[in-house]
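just the structure for this:
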Amino acid sequence: MNSPINPFTRGYHGFDIQRVTVIGYDDRCPMAYLPLHASQSHVPDAQLIHRRCIFSDEFVLVTEGQEVAPELDALCSGTRTILAVLYSMYGDDNGTTRHIGDAQTLEAAHEVVRRLSFETGHYSRCWEISSAHVTEGAMRYLEDMADTQTPSGLLFTAFHIPCSPAVGVKLIATPWTSTNLLKVEGITAEQLRQEHLAQGVPPSLVEVLHQAAAADVRILILDGDATTLDGLALYQA
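You can find the predicted model right below:
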């Protein structure tokens, strides 16, 4: 049974950086991390630190040196001093937003995100996995495809690895997400999946290719001597 998490997904994506203020809510409670209200988003960090503020459960408003609308004042129930300003980094981890960490400046936060980002052209999109993740029939299908010079028209093509029983697959127009495929091919990811099945692509191979392509893998090598990938179904002993 396949894992609901795509095992080909690498690292975080969909990064977001949020500026938050650090305030001492209560001597008996840990410090609170709250965003500045949108009406004061223009206020630089230097004019926030060590300034008096009011806050609600959702936002902070600086009162020292800043005008606060009465209707916003009415929403706030606490008064404290801003101790620090941080830039909190968040990333999407297989559909779940996770707090990665905090930086003291926006520039530092951007640098962390840059280092964590697997941008096209900056990381390898080639994977080698065990051929046990597809059936023997699927491997024969790829071997036959690698022997022909006729384009498949299926957004992938197979090729032999010299002096090796392994078979490589070149995935085209990745990532195979509906957003990208509608833009470049005019079809959804599910329509492509159904087209593959209708054209006789073995189901085990369809599953592996679609998970890999959804994670923007471009070259996938299937080798009987390679290690298995946790979370991916096995079909061969």
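
rest of the way, CA atoms for contacts and neighbours
OK.

how close does the residue of the chain most remote from its centre get to L61?
Relative to the centre of the chain, and counting by CA atoms, centre = their mean, the farthest-placed residue is P70 at 40.9 Å. Remark: distance between P70 and L61 (CA to CA, to the nearest Å) = 12 Å.

burial count for the nearest residue to M139 once chain neighbours are set aside?
Computed as CA to CA, 6 or more residues apart in numbering, the closest residue to M139 that is not its neighbour in sequence is S131, at 7.4 Å. Each residue near S131 was counted by other CA atoms under 10 Å, and the total is 24.

contacting residues around S131?
By CA atoms under 8 Å, 6 or more residues apart in numbering, S131 lies in contact with M139, L222, D223, G224, A226, Q236.

go again using 6 Å as the cut-off
Contact analysis of S131 by CA atoms under 6 Å, 6 or more residues apart in numbering lists L222, D223, G224.

ok, now S130?
Under the criterion of CA under 6 Å, 6+ apart, the contact list for S130 reads L222, D223, G224, A226, T227, T228.

can you redo those as a markdown table with pLDDT, secondary structure and distance to H37?
Rendered in a markdown table, the data for those read as follows (pLDDT from 0 to 100; DSSP: H, G, I helix; E, B strand; the rest coil; distance: CA to CA, whole Å):
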| residue | pLDDT | secondary structure | distance to H37 |
| --- | --- | --- | --- |
| L222 | 97 | strand | 52 |
| D223 | 96 | strand | 55 |
| G224 | 94 | coil | 57 |
| A226 | 94 | coil | 53 |
| T227 | 93 | coil | 51 |
| T228 | 94 | coil | 49 |
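
contact partners of the helix or strand hosting E111?
Under the criterion DSSP states H and E, the helix or strand holding E111 is helix 106-116. By CA under 6 Å, 6+ apart, the residues outside helix 106-116 that reach it are A103.

try 8 Å
G11, Y12, F15, I17, Y87, S88, M89, D102, A103.

how about the contacts of S131 in JSON lines, adding distance to Q191 and neighbour count?
As requested, the contacts of S131 are arranged in JSON lines below (distance: CA to CA, whole Å; neighbours: other CA atoms under 10 Å):
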{"residue": "L222", "distance to Q191": "25", "neighbour count": "23"}
{"residue": "D223", "distance to Q191": "29", "neighbour count": "21"}
{"residue": "G224", "distance to Q191": "30", "neighbour count": "17"}
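
and those residues, which is closest to C163?
Using CA to CA, D223 comes nearest to C163 of the contacts of S131, at 12.2 Å.
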